[in-house]
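# model this:
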Amino acid sequence: MARNNLSERWEEYYSTAIQKGLKAALADVSIEKSFDEFDDGHIKLNKLMYVAMAERGLHEEMQHSWHRYGGDLGTLVPSTRTVGPVELDDLPETEQPQQPRPSGDNSRKTVWDESDYREFFKTISIGSLESLNEILEASRATLLEEFYTEYSGEIEDWVDLYLINVRIQEVLHLYAEDDLGQFDNEAYMAFAETLEAFERELYSHSELSPDHFDEYDIDLSSDENPADLLTDFLDLVDDIYFTISQQDLDEFSGDLSYQLSMVEEFYHERAWNLVTKVISLHTMHGPNQEALLYGSISDLEQLVNGFSIRMERIESECRAADLLPNSNQFRSPEADSRPGQQLPTRDEFRQALKGDH
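Here you go, the predicted model:
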């Protein structure tokens with residue numbers, strides 16, 4: 001367990017003061033919406049609170065761990081609909097606990113209140129996002145990339161995995177942005193290289209092997225290796241986006257949004273989430289670590305259970321929509337004139353594409 005944890009009362013004080021400061025900052029910079037009205041509002045609220053704690057040197061002493069979208073403050077983050085613009089004068093003052101501050105906090109000259117956090121949020125920046133408004137209006141991918149780059153100090157061994165994951169997220173979201181028609185051979189080759197880099201990075205982490213779960217009393221079989229499960233799914237993703245790159249969208253039998261939304265959701269909710277539950281086991285901080293630990297273990301076991309069955313359902317839906325490669329797509333130009341020639345593998349096809357550029 002981490003040392004010098006804040007008591008739960010002090011932890012509550014800081015999280016409350018930060019929330020009030022954020023509400024006041026929204027009002028001061030004329031942002032009229034609450035977080036539930038912004039795209040990915042919960043992620044943005046979580047990241048803003050995390051940054052406030054990190055910049056004050058409190059993040060190592062307060063409840064958090066790293067999950068699928070990075071540093072996560074868990075139950076300290078309120079509902080998005082409760083955080084909107086409120087004038088500071090209309091907010092009650094947050095009362096500091098009467099008990100002494102933990103020794104880890106005594107070296108700080110002052111304890112910030114909501115007024116201090118208001119000023120902090122009014123001038124906040126995360127990487128190239130240089131204002132509160134820019135952060136709130138940023139796409140999920142842009143915000144996460146800036147956040148991972150700026151605040152990766154405690155997860156230096158994992159940051160490359162998080163950053164490559166953002167590039168995968170962007171491709172999986174193309175269908176929702178009506179950009180899928182631009183996914184051609186060149187785009188596929190770049191995506192294939194991203195998937196290969198992701199797989200190499202995954203297998204560089206021995207922590208993802210079931211052999212390392214004994215200390216947490218997690219019983220996984222050799223077939224339930226989180227890295228293996230994720231790469232199995234990424235193989236399916238590779239096939240899907242290879243197929244898309246080989247034909248015009250109007251050649252498909254119908255709208256692909258249903259199938260591709262299933263693929264995107266499975267990646268976020270189960271495949272990538274599964275790996276980051278392991279990461280969370282190694283990045284826990286704060287006074288409530290035992291509850292965080294049990295929560296992550298339970299989540300991990302639930303994500304593994306039924307993973308392959310659910311993936312097979314997605315594969316079946318994609319096959320029905322002709323989103324998986326057929327023999328004609330893998331056939332080389334010479335194959336039509338030489339009966340019996342073996343079809344090239346996907347890796348061989350990639351090499352052929354590279355030779356065309």
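
# So this structure: which segments form each domain?
1-138, 152-325, 327-356 (automatic domain parsing).

# tell me the average confidence for the shortest one?
What that stands for is domain 327-356. When pLDDT is averaged over domain 327-356, the result is 46.

# Show me where the stretch 1-150 of the chain has its helices.
Using DSSP state H, counting those that start in this stretch, the helices of the stretch 1-150 of the chain run over 8-28, 41-55, 103-106, 114-122, 132-137, 140-150.

# which other residues reach the second one?
Contacting residues not belonging to helix 41-55 are listed as 14-15, 18-19, 21-22, 34-35, 38, 59, 62, 64, 69-73, 76-78, 80, 83, 117, 120-121, 124, 126, 132, 135-136, 140, 143-144, 147, 151 [C-beta atoms under 8 Å, 6 or more residues apart in numbering]. C-beta here means a position set from N, CA and C on the backbone, and glycine is covered the same way.

# Need the buried ones from these selected in PyMOL.
Applying 16 or more other C-beta atoms under 10 Å to those, the buried members can be selected in PyMOL as follows:
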select buried, resi 14+15+18+19+21+22+34+35+38+59+62+64+69+70+71+72+73+76+77+80+83+117+120+121+124+126+132+135+136+140+143+144+147+151
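
# Including distance to Tyr294, could the helices of the stretch 1-150 of the chain go into JSON lines?
Output for those, formatted as JSON lines (distance: least, C-beta to C-beta, whole Å):
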{"stretch": "helix 8-28", "distance to Tyr294": "17"}
{"stretch": "helix 41-55", "distance to Tyr294": "21"}
{"stretch": "helix 103-106", "distance to Tyr294": "25"}
{"stretch": "helix 114-122", "distance to Tyr294": "31"}
{"stretch": "helix 132-137", "distance to Tyr294": "33"}
{"stretch": "helix 140-150", "distance to Tyr294": "27"}
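
# By mean pLDDT, show me the worst of these.
When I compare the helices of the stretch 1-150 of the chain, helix 103-106 is least confident, with a mean of 49.

# now the helices: where do they sit in the stretch 251-357 of the chain?
Using DSSP H, counting those that start in this stretch, helices in the stretch 251-357 of the chain cover 257-266, 272-281, 289-304, 307-320, 327-330, 346-356.

# Need the winner for burial among those.
Highest mean neighbour count of those: helix 272-281, a mean of 23 (counted as mean count of other C-beta atoms under 10 Å).

# Next one: the residue lying closest to Asn225 once chain neighbours are set aside from Glu224, what distance?
Using C-beta to C-beta, 6 or more residues apart in numbering and skipping residues adjacent in sequence, the residue nearest Asn225 is Pro210, 5.8 Å away. Shown here: Pro210 relative to Glu224, a distance of 6 Å by C-beta to C-beta, to the nearest Å.

# Could you do Ser7 as well?
38 Å.

# Counting neighbours around each, name which of the two comes out higher.
Neighbour tally, Ser7 and Glu224, criterion other C-beta atoms under 10 Å: the higher count belongs to Glu224, 19 against 14.

# any idea how far that one is from Asp255?
35 Å.

# need the contact list for the residue nearest the centre of the chain.
Taking C-alpha atoms, centre = their mean, the centroid of the chain lies closest to Tyr69, which sits 3.0 Å from it. Tyr69 makes contacts with Ile43, Asn46, Lys47, Leu144, as judged by C-beta under 8 Å, 6+ apart.

# Go again with 7 Å.
Applying C-beta atoms under 7 Å, 6 or more residues apart in numbering to Tyr69 gives the contacts Ile43, Leu144.

# where's it relative to Asn326, distance?
Tyr69 sits 36 Å away from Asn326, going by C-beta to C-beta.

# Next one: Val263 from Leu249, what distance?
Relative to Leu249, and taking C-beta to C-beta, Val263 is found at 16 Å.

# ok, now Gly286?
Distance of Gly286 to Leu249, given as C-beta to C-beta: 48 Å.

# out of the two, which sits in the busier spot?
Set Gly286 next to Leu249 and count neighbours by other C-beta under 10 Å: Gly286 wins out with 24 against 12.

# so that one makes contact with Gly71?
No. At 11.8 Å, Gly286 does not count as touching Gly71 under the criterion of C-beta atoms under 7 Å.

# okay, and the common contacts of those two?
Residues touching both Gly286 and Gly71 by C-beta under 7 Å, 6+ apart: His64.

# Contacts for stretch 198-213, please.
Here stretch 198-213 makes contact (C-beta under 7 Å, 6+ apart) with 160-161, 164-165, 168, 220, 222, 224-227, 230-231, 234, 275, 278, 282.

# from the chain's centre, how far out does it sit?
Remark: stretch 198-213 is offset 18 Å from the chain centroid, using C-alpha atoms, centre = their mean, to the nearest Å.
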